[in-house]
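Engineer: How does the following fold in three dimensions:
(chains A and B)
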Amino acid sequence: MTSLLAQIDSLGRFVTKNVEYTVRVFLMVYLSLRAAVLDKAQGFRQIVGVLSAQIYFTGWQALPLISVLALGVGSVMILQSLSNLTLLGGTQMIGSFLIVMILREAGPLLVALVVIARSGTAVASEIGNMRANREIEALESMGINPLSFIVFPRVVGGVLSVLGLAFYFNAIALIGGFLVTRFFQDMSLTFYTDSLMKAFAKEDVLIFFLKNGFSGMIIFVVSCYQGLSVKRSPHEVPQVTTQAVVNSIIFVVIFNLMVSALFYLNQLRSLGVV
Amino acid sequence: MKIESLKFEGVTFTHEGQDPIVQNVEFDFPMNEILWVKAEEGAGKSSLLQILAGLQIPQSGKYLINGENVCDMSFEEFLPYRLQIGYSFDYGGLINNRSLFDNLMLPLLYHKVISPEEAKARVEGLLKEFGAEKFAHDRPAHVPGRIRKLTCLLRALVMRPQILLLDDPSVGLGQDSIYAFVDHVHRLRKEGHCKHVFISSYDEKFMNLFEYQIIHLDEGQLYFQAVDPEKRVVHL
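Structural biologist: All right, here's what the predicted structure looks like:
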């Protein structure tokens, strides 16, 4: 009996803790948006400066890594799908297969993982160190709202960067991957592009913006929140950075899974299966 | 906006799990004075200055500036007062990814109090006056500790505030910088800025460069001690 009560108690604590975490994160997003809107009469140019720096670090500097990853993933997927679809006699399905695998599934997830590894950690540790070094208090003492000066440009810059990187990833994976596979497979460019264009639907645009936009938002909001959660001491910085990575991965994966599940359920519904 | 009164009404402030810094304090801060905040080590002088700067919010009571309760104000509502308060940390506080010059320019450019050209001239003038111009474009991590401390103090002055809150200002400063800083504060006061100065310090030699009054923070209460400048014991 005691054990059951303890388990219920533990479950209750877990749920309360996560609900509280989510509420706090949403509150931070609301306050940073509000502060940025109210701040526009003041340091908007300074905020734009921080935003462009964030796009440079998160978007521009990640391009080499994303290029290699996209080329590798694109080539492997095209090669594998070609060899398997040829065996099944469905080579014309290659466009549908690649759109589903790269644009809808692998692209958003891999780009998010790269951004978490490169920029989520950087943002969490940078803000954590700012907190420990009293830079956040210093900004407040100067009348600069840390939520509009630190959080808002990082989240907006992060979302724009993730969208840009995801577009770049898809382009390199689909076009670059094709060029690489031409060394191994004989497939005409016209056939390949026709197949892709036939498979591409307007829902893909929605999924692209939904998955990548929200992944970017999740990563940078969670990283900023974890960074700001440092109290005083620098020894907390590695802990919050790890927590930022763990939470970002969990939330991004769950979100991607939910979008995919809802999309396919909707597809099945429109086909009359469910 | 002219700051005419600072008052605590029943103010209580405690750091989590610690004894109260101030407990149910009723105190009318003397204005137009240089106030030396004295207390035992760890009694909460820095926290008191942070409450006065609006960086810490008391758990109960009212902190009134010109009769308005700061505790009820949003960040934006408090902003006009905050721009009249210069605060210098005892350590840290400089923005590490900006040069010393940019650190000093930031509040001036952010709040557009003066034109960028005037801001540049003011900051360059300050750095030159304190002999720190050769470090102007270095980041805080690349300059000696005394220059970091000096920059933190100058940033509190750069907006020419009415209230100046200095937390252990002399620690880590060179002797020349101390004299230059004190001269600068005196000059600003003559020009009508930095009217209300609060200094937390253990450095009597430094404090004797000012004509101060004393506020004691003792066991969660504030006490004012008037000091007759003629009768001060000056150790130089």
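Engineer: Can you verify residue B:11 is assigned to a helix?
Structural biologist: No - counting by DSSP: H, G, I helix; E, B strand; the rest coil, residue B:11 is not found in a helix; it is strand.
Engineer: Next up, the contacts around it.
Structural biologist: B:22, B:24-25, B:27, B:51, B:58, B:60-63 (Cβ atoms under 8 Å, 6 or more residues apart in numbering or on different chains). (Each C-beta comes from the backbone N, C-alpha and C, glycine too.)
Engineer: Return the member of these nearest to chain A.
Structural biologist: Nearest to chain A among these, counting by Cβ to the nearest Cβ, is residue B:51 at 12.5 Å.
Engineer: how near is the nearest residue in space to residue B:207 that is not next to it in sequence to chain A?
Structural biologist: By the measure of Cβ to Cβ, 6 or more residues apart in numbering or on different chains, the closest residue to residue B:207 outside its immediate chain neighbours is residue B:36, 5.3 Å from it. Applying Cβ to the nearest Cβ, to the nearest Å, the value for residue B:36 to chain A is 21 Å.
Engineer: helix or strand right after the helix or strand where residue B:36 lies?
Structural biologist: Assigned by DSSP states H and E, residue B:36 falls within strand B:34-39. Downstream of strand B:34-39, the next assigned helix or strand under DSSP H and E is helix B:45-53.
Engineer: now the angle from that following helix to strand B:34-39?
Structural biologist: For helix B:45-53 against strand B:34-39, the angle by axes from the mean of the first three to the mean of the last three Cα atoms, to 10 degrees is 140 degrees.
Engineer: just how off-centre is helix B:45-53 within its chain?
Structural biologist: On the basis of Cα atoms, centre = their mean, to the nearest Å, helix B:45-53 sits 9 Å off its chain's mean C-alpha point.
Engineer: Can you spell out which helices and strands pack onto it?
Structural biologist: If contacts are counted by 3 or more Cβ pairs under 8 Å, 6 or more residues apart in numbering or on different chains; DSSP states H and E, helix B:45-53 sits against strand B:6-14, strand B:20-29, strand B:34-39, strand B:85-88, strand B:163-167, strand B:196-200.
Engineer: Can you add mean pLDDT and give these back as JSON lines?
Structural biologist: Below are the helices and strands packed on helix B:45-53 laid out as JSON lines (pLDDT from 0 to 100):
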{"stretch": "strand B:6-14", "mean pLDDT": "94"}
{"stretch": "strand B:20-29", "mean pLDDT": "93"}
{"stretch": "strand B:34-39", "mean pLDDT": "94"}
{"stretch": "strand B:85-88", "mean pLDDT": "96"}
{"stretch": "strand B:163-167", "mean pLDDT": "96"}
{"stretch": "strand B:196-200", "mean pLDDT": "96"}
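Engineer: Output the lowest mean pLDDT helix or strand found in chain A.
Structural biologist: Across the helices and strands of chain A, mean pLDDT, DSSP states H and E gives its lowest value to helix A:177-181, namely a mean of 82.
Engineer: who's in contact with it?
Structural biologist: A:70-71, A:73-79, A:82, A:187, A:189, A:192.
Engineer: Just the buried residues of that helix, please?
Structural biologist: Using 16 or more other Cβ atoms under 10 Å in any protein chain shown as the test for burial, helix A:177-181 gives A:177-178, A:180-181.
Engineer: what's the offset of the following helix or strand past it from the middle of its chain?
Structural biologist: Using DSSP H and E, the next helix or strand after helix A:177-181 towards the C-terminus is helix A:189-199. Remark: helix A:189-199 is offset 28 Å from the chain centroid, using Cα atoms, centre = their mean.
Engineer: which of the residues in helix A:189-199 are buried?
Structural biologist: A:192, A:195-196, A:199.
Engineer: so which pair among those residues is furthest apart in space?
Structural biologist: A:192 and A:199 (11.0 Å; Cβ to Cβ).
Engineer: what residues are shared contacts of these two?
Structural biologist: residue A:95.
Engineer: For the nearest residue in space to residue A:125 that is not next to it in sequence, the count of nearby residues, please.
Structural biologist: Excluding its sequence neighbours, the residue lying closest to residue A:125 (Cβ to Cβ, 6+ apart) is residue A:241, at 4.6 Å. Residue A:241 has 24 neighbours, counted by other Cβ atoms under 10 Å in any protein chain shown.
Engineer: How about the contacts made by residue A:241?
Structural biologist: Contacts of residue A:241 (Cβ under 8 Å, 6+ apart): A:121, A:124-125, A:128, A:226.
Engineer: got the residues of chain B near chain A?
Structural biologist: Proximity of chain B to chain A (Cβ under 8 Å from any Cβ of the partner chain) is limited to residues B:50, B:53-55, B:75-76, B:79, B:82-83, B:85, B:87, B:89, B:91-97, B:106-107, B:109-112, B:155, B:159.
Engineer: okay, now whichever residue of chain B sits closest to chain A: neighbour count?
Structural biologist: The nearest approach of chain B to chain A comes at residue B:110, 3.7 Å away (Cβ to the nearest Cβ). Residues near residue B:110, counting by other Cβ under 10 Å, number 20.
Engineer: Equivalent analysis for residue B:93, please.
Structural biologist: 26.
Engineer: Contact partners for the closest residue to it other than its chain neighbours?
Structural biologist: Take residue B:93 and drop its neighbours on the chain: the residue closest to it by Cβ to Cβ, 6+ apart is residue A:138, 4.1 Å away. By Cβ under 8 Å, 6+ apart, the contact set of residue A:138 is B:89, B:92-95, B:155.
Engineer: cutoff 7 Å now
Structural biologist: Residues near residue A:138 by Cβ atoms under 7 Å, 6 or more residues apart in numbering or on different chains: B:89, B:93-95.
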